[in-house]
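>>> Return atomic coordinates for the entry below.
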Amino acid sequence: MRLRICTWNVNSVRLRAEQAARFVAEQAPDVLCLQEIKCREGEFPVNAFKEMGLPHLKIAGQKGWHGVAIASRLPLEDARPLDVCREKHARCVGATVAGVEIHNFYIPAGGDLPDRELNPKFDHKLDFYEKLTADLAQRDPRAPLAIVGDLNVAPGEFDVWNHRYMSKVVSHTPVEVEAFRAMEAAGQLTDLTRSTTPEPEKLASWWSYRAADFRQSNRGLRLDHILVSPGLRDAAWRLGAPASRVHDDVRAWARPSDHAPVSADLVL
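Predicted coordinates for the structure are as follows:
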């Protein structure tokens, strides 16, 4: 059985329901994890997702900001909640699909100043990572677990358009990269997109709206990730190599999100 998991910071699900339908029709995800849905649970376009063939929903929303959701072709079962957001924002939602526990995150961006003492938003971001890392360290790595979403860190030198410059900018500073790597290590997680496309090839999943032509400016960051535990390694490598990609063509659609979807296939 193939399980295709996709993650997408959709930047308002009500504005981009038609784009979501087009993406689902073209790429046939079994599970679509959305971030920044920007609506409350009762405002989510449920019928649109039913028509897409993703009728099973788990939604964590709030008014106007943040918000995450999992939409699935297959039934969803509960997963143990991860209480890692100290501000109690709607930034995480989890479910079990076909025996795979999936946790979908919208980790705080962290503001502009990479200083925990002077910038509460940056401190919140690192606190979020620390809490998630502590939780992952207590889990059985043999359990099938996927950590996905807009994790708001571009961890590698080739996940940013300019490593030297971006090392001073929030999303790629050394302290954030260290927090990301500690989280990966705690869960013994594998980055499926980087496993499919190894360094030194550059990858990005986010491009600023400020550029009139995102491909021409080419100043992207890889902020969106699909990470899996050792319990899913065999499923990811079942066909000999992992299959994960950034759907950057979606970023070129009319009225796009500033993020592109990322997908990965598991063979269970």
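
>>> which residues of this protein fall in strands?
Under the criterion DSSP state E, the chain contains strands at 2-9, 31-35, 56-60, 68-72, 92-97, 100-106, 145-150, 190-191, 224-228, 243-246, 262-267.

>>> With just CA atoms, put the worst-scoring helix or strand of the chain on mean pLDDT into PDB.
One helix or strand of the chain scores below all others by mean pLDDT, DSSP states H and E: helix 214-217, with a mean of 92. C-alpha atoms of helix 214-217 as PDB (Å, rounded to 0.1, in the frame of the first residue of the first chain):
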ATOM      1  CA  PHE A 214      10.400  34.000  -7.500                       C
ATOM      2  CA  ARG A 215      12.400  31.800  -9.900                       C
ATOM      3  CA  GLN A 216      14.400  34.700 -11.300                       C
ATOM      4  CA  SER A 217      15.200  36.100  -7.800                       C
END
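
>>> Contacts for it, please.
Here helix 214-217 makes contact (C-beta atoms under 8 Å, 6 or more residues apart in numbering) with 207, 208, 211, 220, 251, 252. (Glycine included, C-beta is placed from N, CA and C.)

>>> again, but for stretch 121-138
82-87, 91, 105, 107-111, 113-117, 147, 152, 170, 175-176, 179-180, 182-183, 186-187, 189.

>>> likewise stretch 77-89?
Among residues not part of stretch 77-89, those counted as contacts by C-beta under 8 Å, 6+ apart are 62, 65-66, 91-92, 94-97, 101-103, 108, 124, 127-128, 131-132, 135.

>>> Any stretches of the stretch 101-250 of the chain with poor pLDDT?
Within the stretch 101-250 of the chain, no stretch has pLDDT under 70.

>>> Would you mind measuring from the spatially most central residue of the chain to residue 210?
For the chain, the residue sitting closest to the mean C-alpha position, by C-alpha atoms, centre = their mean, is residue 149 at 1.3 Å. Residue 149 sits 24 Å away from residue 210, taking C-beta to C-beta, to the nearest Å as the criterion.

>>> Buried ones among the contacts of stretch 121-138?
Neighbour counting by 16 or more other C-beta atoms under 10 Å classes 82, 84-85, 91, 105, 107-111, 114, 116, 147, 152, 170, 176, 179-180, 182-183, 186-187, 189 among these as buried.

>>> mind listing which of the residues you listed are in helices?
176, 179, 180, 182, 183, 186, 187 (DSSP state H).

>>> ok, and the closest non-adjacent residue to the fourth one?
With C-beta to C-beta, 6 or more residues apart in numbering as the criterion, residue 182 has its nearest non-adjacent residue at 5.2 Å, and that residue is residue 133.

>>> same question, the last one
The shortest distance from residue 187 to any residue that is not its chain neighbour, by C-beta to C-beta, 6+ apart, is 3.6 Å, and that residue is residue 136.

>>> number of nearby residues for the one you found?
The tally of other residues near residue 136 (other C-beta atoms under 10 Å) stands at 24.

>>> Give me the neighbour count for the closest residue to residue 183 other than its chain neighbours.
Computed as C-beta to C-beta, 6+ apart, the closest residue to residue 183 that is not its neighbour in sequence is residue 133, at 4.5 Å. Residues lying near residue 133 (other C-beta under 10 Å) number 19.

>>> how much space between residue 133 and residue 181?
10 Å.

>>> ok, now residue 63?
Taking C-beta to C-beta as the measure, residue 63 falls 35 Å from residue 181.

>>> who's more crowded, these two?
Between residue 63 and residue 181, counted using other C-beta under 10 Å, residue 181 has the larger neighbour count: 14 against 11.

>>> From what I see, the more buried one and residue 155 are in contact.
Yes: between residue 181 and residue 155 there is a contact under C-beta atoms under 8 Å: 6.6 Å.

>>> can you point me to the longest helix in the chain?
helix 120-137.
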